[in-house]
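J.: starting from these lines, generate the structure:
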Amino acid sequence: MPRKASIPGHCAICQAELKKASAAKHIAECLSKVSGKTEYAIVKVEGMGIDGDDYWLQAAVPVDCTLKDLDNFLRRTWLECCGHMSAFRSGRMEIPKSARAGQFDAGEKLTHEYDFGDTTELTITFGQIVTSARLPGREKILVAARNLPHEKKCDCGKQAKYICPICAFDGEGWLCPECADDHECGTPDDVLLPVTNSPRCGVCGYEG
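T.: Now for the predicted structure:
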């Protein structure tokens with residue numbers, strides 16, 4: 001299925017609206033305005049949803065973080081549903097999760113695979129390294145920008161809040177709360193999943 005056009009997001013640092021293509025440059029400029037000694041790699045992550053929607057985010061990743069740290073971040077942010085296995089690859093070669101973000105050159109790409117059955121595949125692109133102050137919060141890696149949620153419509157015209165994982169692979173199954181209660185495959189209490197801002201939306205048991 002072809003990828004649909006991307007939609008904008010917001011900078012988590014200054015709240016400016018960003019386009020996908022220019023987000024990395026903006027994030028680097030925002031980070032570099034604050035003096036400090038922490039080196040961050042600006043990392044772009046892209047994934048395609050089950051109906052072709054384009055999901056993207058920019059992450060500020062300390063250069064001493066490992067790919068295991070990045071894997072945990074991606075699970076928390078976009079992927080985790082049932083504790084599936086995952087891997088980073090460059091072409092066909094699997095990259096050890098002990099590798100650190102600072103080892104990769106600007107422009108270098110990796111593929112991240114989560115769940116080797118119903119696989120969600122992400123493209124990881126490493127960007128420039130910026131020196132800044134240590135960002136606040138407990139998490140090592142910051143979501144610096146992320147696409148706004150895609151608007152999904154139920155067949156009745158109302159905003160969809162649920163997705164049927166059975167119907168989804170036929171390009172159907174987006175449901176408002178009212179229609180969800182009468183859906184033939186099941187209800188929100190058993191089969192249906194919530195609509196989430198993630199390429200994992202509607203896959204396996206992902207609830208966000």
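J.: now do the helices in the protein.
T.: Counting by DSSP state H, the chain has helices at residues 23-32, 67-74, 177-180.
J.: surely Val73 meets Ala59?
T.: Slight slip there: residue 73 is Phe, not Val. Yes: applying Cβ atoms under 8 Å as the test, Phe73 and Ala59 come out as touching, 6.8 Å apart. Backbone N, C-alpha and C define where each C-beta goes, glycine included.
J.: overlap of the contact sets of those two?
T.: Ile141 (Cβ atoms under 8 Å, 6 or more residues apart in numbering).
J.: and those two? Which one has more around it.
T.: Ala59 (25 against 22; other Cβ atoms under 10 Å).
J.: may I have the predicted confidence score for the nearest residue to Cys154 once chain neighbours are set aside?
T.: Of all residues not flanking Cys154 in the chain, Cys176 sits nearest, at 4.0 Å (Cβ to Cβ, 6 or more residues apart in numbering). We have a pLDDT of 96 for Cys176.
J.: what's the answer for Met1, then?
T.: Met1 carries a pLDDT value of 68.
J.: do the same with Arg134
T.: At Arg134, the pLDDT recorded in the model is 89.
J.: and the closest residue to it other than its chain neighbours, how close does it get to Leu31?
T.: Leaving aside its chain neighbours, Arg134 sits nearest to Thr38 (4.8 Å; criterion: Cβ to Cβ, 6+ apart). Distance of Thr38 to Leu31, computed by Cβ to Cβ, to the nearest Å: 9 Å.
J.: more neighbours, those two?
T.: When Thr38 and Leu31 are compared for neighbours, Leu31 comes out ahead with 21 against 16, by other Cβ under 10 Å.
J.: if I pick the residue nearest to that one when sequence neighbours are not counted, what's in contact with it?
T.: Nearest residue to Leu31 in three dimensions, chain neighbours excluded: Ser132, at 4.1 Å (Cβ to Cβ, 6+ apart). Going by Cβ under 8 Å, 6+ apart, Ser132 touches 31-32, 34-36, 38, 40, 60.
J.: try 7 Å
T.: 31-32, 34, 36, 38, 40 (Cβ atoms under 7 Å, 6 or more residues apart in numbering).
J.: from those, which has minimum pLDDT?
T.: In this model, the minimum pLDDT among the contacts of Ser132 belongs to Val34 (88).
J.: identify the residue spatially nearest to that one, adjacent ones excluded.
T.: Nearest one to Val34, counting by Cβ to Cβ, 6+ apart, is Ala133 at 4.4 Å.
J.: wait, the one you found sits on Ser32?
T.: No: in this structure, Ala133 is not within contact of Ser32 by Cβ atoms under 7 Å, at 10.3 Å.
J.: which stretches of the protein form strands?
T.: 9-11, 17-18, 38-48, 54-62, 86-90, 93-95, 109-114, 120-132, 142-147, 162-163, 174-175, 193-194 (DSSP state E).
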